[in-house]
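Peer 1: Sequence and computational prediction follow.
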Amino acid sequence: MGGLLLCAVPAQAQLNNQWLEYRNETSTRLVASPGLGVSDTQEKDYAWGDVNRDGWVDLVVVRKEPFTTAGKAPGVLFLNENGVLTDRTSMFATASDVAGDQGLMQPTNNRDVVIADFNNDGWPDFATAVTISDGDPKHISHPRIYMNQGSMGGVWLGFRFESTFSPQIRVLDASGNPTGPLTPGRFCAIAAGDVDNDGDQDLYLGDYDGGLTPEPSTVDTNDRLWINDGTGRFTDSLQTRMSANMLLSAFSASAAIADINGDGVKDVVKNTGLQTPQRVSVSYNRPPDPVPFDVFQIVSTQSPYFVSAGDLNNDNRLDLVVTDDGSDHYHLNNGNDALGQVNWGTANFSFASGGDDGFGSQSLIHDLDQDGFKEVLISDVDVDDPTGYTCSSPGSINRRLHIYHNLANTPSVTLREEAGSSGWRGVVGMTQSDLSGTYHTAAFDIDRDGDDDLVLGRMCSTSVWANTSRSRYGQVANNSTGVGARIWATGLMAVNSTNLVLRASNVPPNAIGVFVYAATKIDPCIAYDDGFRCVGGGARFATLGRANSNAQGEATLNVSLTSGPFAGLPPGSIRFVQYRFADPTGGPAGFNFSDGLELKFRP
């Protein structure tokens, strides 16, 4: 394992790079009882997706008693209702095939969750990894499969827990045969992906041996690879597809099914730590036969706690991010050797102020600023070690969620935690006290304004943070489609952006339209034409560009920052835009508007 080690450069010259800003909007974006929301003290893990297919991304939360215990807690289904994450668990996630089982509301010891379409019906399902549950029946102690029931008559039917969709776990003998006793699951990681190229989603489960409640060696399951029959029913492949060494784990807190070496077949990457072995590994699944995994590679050792995969330098190769009990780091994929194994480089994260503050946990690779390069977020709570964490002082041990800005300086790329002299860390608006004690982070567009917001699952709370690069605002009147037109933007919100695009939807098909703008906003908006005007200025509109809607009622405009009205804008500039369109059958004036969008331009 070779490569360049990148060290942090002097901090003083780097302060106050205000590349991104977030605002705490928990009070208006989260609706749940305090114990399930703003005052939630349980350990939390997230998966997100549009589970009811209404165009808004929803959030599935699994919860348990903090740290390595057998304590159980119910999960939460937050449906995104027009930009507000609302607890709808009791309405849509309590069905079960087991009498008395409460579905997602059933207290269980879940430590991980993944969303995937297990039966290829177009509706997202989800599965959970259950940890320490000794003595509990199968439906409580094994990974839980929740199938999406789709809709009937246009009404979504929610999720149903299917206990029979998961296989009974047995201890394996020395030859890999399931001849040992029945045993509960003790899994801390779950990943979905098609390992056998048959078109459905399989599951990889990461096992947990030790910690504060050690697993007896007589019932050690190690990791398991479950194969989907295409209907969401899984069978345990035991050691028929992966070797005992590939499946060996002491503490597998993370796993991913992904095509690591780019040969067209999915591989498995995972970590195992705390006890021997301590390593990050890749089990390669080489074509043309996708059934057995062929090559096992140890990427790194040290003290890994979590690993995730994603393309950090835009070379169309998957890289790895490793949370380590020493220094967190990332491995860039430098192509394959003759055996199809990746040659890995190694680099450390960089800091505008401070440095790596010790133990960390879950990582997320995600493009926060939409410049095309993915950032890295690493949570700080070591779920196996409660030392120093309390609700009254979650930051007493001086650890925090780290948000690393990808500087896009290819090919090696620097990932740096920005900081400000005023005390913000990672992004403008968040301080040490906002970031400390974080279990997991979800990144998705909650309010559908085109940028990704953050949900922070912390030791004593859940908080929702809005990305302020762009913000929808104001009133909108229904047009002839029966709904109001919406406006949003995608791309980097910076004065040097080359990919900024304005978008409008819910517009009458093939309507003539124009994006209008002003340097001032009107809020509340004023009645104008058949809708509401939300941008300031005189009687005549300032036109940014014409864009007619397509047959699906969508309009787009590529915005140039080198020519036209937005050319030469200095950093910190704010502009307000709307989409105005012809709608002859929608009202007497024959014109209507979308709602308003506030754009903030960063350096």
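Peer 2: In hand now; what should we look at? Numbers count the residues shown, from 1 in each chain.
Peer 1: quick one: contacts for residue 312?
Peer 2: Remark: with contacts taken as C-beta atoms under 8 Å, 6 or more residues apart in numbering, residue 312 is in contact with 319, 321, 330, 332, 365, 373-374, 376, 406, 413, 415. Just so you know, the C-beta spots here come from the backbone N, C-alpha and C atoms, and that holds for glycine as well.
Peer 1: need the residues you listed in TSV with secondary structure and neighbour count, can you?
Peer 2: Output for the contacts of residue 312, formatted as TSV (DSSP: H, G, I helix; E, B strand; the rest coil; neighbours: other C-beta atoms under 10 Å):
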residue	secondary structure	neighbour count
319	strand	25
321	strand	25
330	strand	26
332	coil	22
365	strand	22
373	coil	21
374	coil	23
376	strand	25
406	strand	23
413	coil	21
415	strand	25
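Peer 1: can I get those residues in TSV with distance to residue 517?
Peer 2: Putting the contacts of residue 312 into TSV (distance: C-beta to C-beta, whole Å) gives the following:
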residue	distance to residue 517
319	39
321	39
330	40
332	41
365	34
373	28
374	30
376	34
406	30
413	34
415	35
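Peer 1: Closest to residue 172 out of those?
Peer 2: Of all the contacts of residue 312, the one sitting nearest residue 172 is residue 321; the distance, using C-beta to C-beta, is 31.4 Å.
Peer 1: ok now do the closest one, which residues does it touch?
Peer 2: Applying C-beta under 8 Å, 6+ apart, one finds that residue 321 lies in contact with 307-310, 312, 328, 330, 363, 365, 376, 378.
Peer 1: What is the nearest of those residues to residue 241?
Peer 2: Taking C-beta to C-beta as the measure, residue 309 is the one of the contacts of residue 321 closest to residue 241, at 19.9 Å.
Peer 1: what about the stretch 451-600 of the chain, any weak spots by pLDDT?
Peer 2: Low-confidence regions of the stretch 451-600 of the chain, defined by pLDDT under 70, are absent; no residue qualifies.
Peer 1: What are the boundaries of the strands in the stretch 351-500 of the chain?
Peer 2: Secondary structure of the stretch 351-500 of the chain (DSSP state E, counting those that start in this stretch): strands located at 363-366, 375-378, 402-406, 415-417, 438-444, 453-458, 461-467, 470-473, 486-490.
Peer 1: Direction included, what does the fifth one pair against?
Peer 2: Strand 438-444 pairs in its sheet with strand 453-458 (antiparallel), by DSSP bridges.
Peer 1: Check the last one too.
Peer 2: Sheet partners assigned to strand 486-490 using DSSP bridges are listed as strand 501-505 (antiparallel).
Peer 1: Could I get the CA-only coordinates of the strand it pairs with as PDB?
Peer 2: Output for strand 501-505, consisting of C-alpha atoms alone and laid out as PDB, is shown next (Å, rounded to 0.1, in the frame of the first residue of the first chain):
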ATOM      1  CA  VAL A 501     -29.100  25.800 -13.400                       C
ATOM      2  CA  LEU A 502     -32.400  27.300 -12.500                       C
ATOM      3  CA  ARG A 503     -35.400  24.900 -12.600                       C
ATOM      4  CA  ALA A 504     -39.100  25.100 -12.300                       C
ATOM      5  CA  SER A 505     -41.700  22.300 -12.100                       C
END
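Peer 1: Okay, buried residues for that strand please.
Peer 2: Along strand 501-505, the positions that meet the burial threshold by neighbour count (16 or more other C-beta atoms under 10 Å) are 502-505.
Peer 1: Out of the contacts of residue 312, the closest to residue 220 would be?
Peer 2: If you rank these by distance to residue 220 using C-beta to C-beta, residue 321 comes first, at 28.1 Å.
Peer 1: pLDDT score for the closest one?
Peer 2: Note on residue 321: pLDDT of 98.
Peer 1: Then residue 219?
Peer 2: Per-residue confidence (pLDDT) for residue 219: 86.
Peer 1: wait, doesn't it sit right on residue 182?
Peer 2: No: under the contact definition of C-beta atoms under 8 Å, residue 219 does not touch residue 182, with a separation of 9.1 Å.
Peer 1: Who has more neighbours out of these two?
Peer 2: More neighbours surround residue 219 than the other of residue 219 and residue 182, with 16 against 12 (other C-beta atoms under 10 Å).
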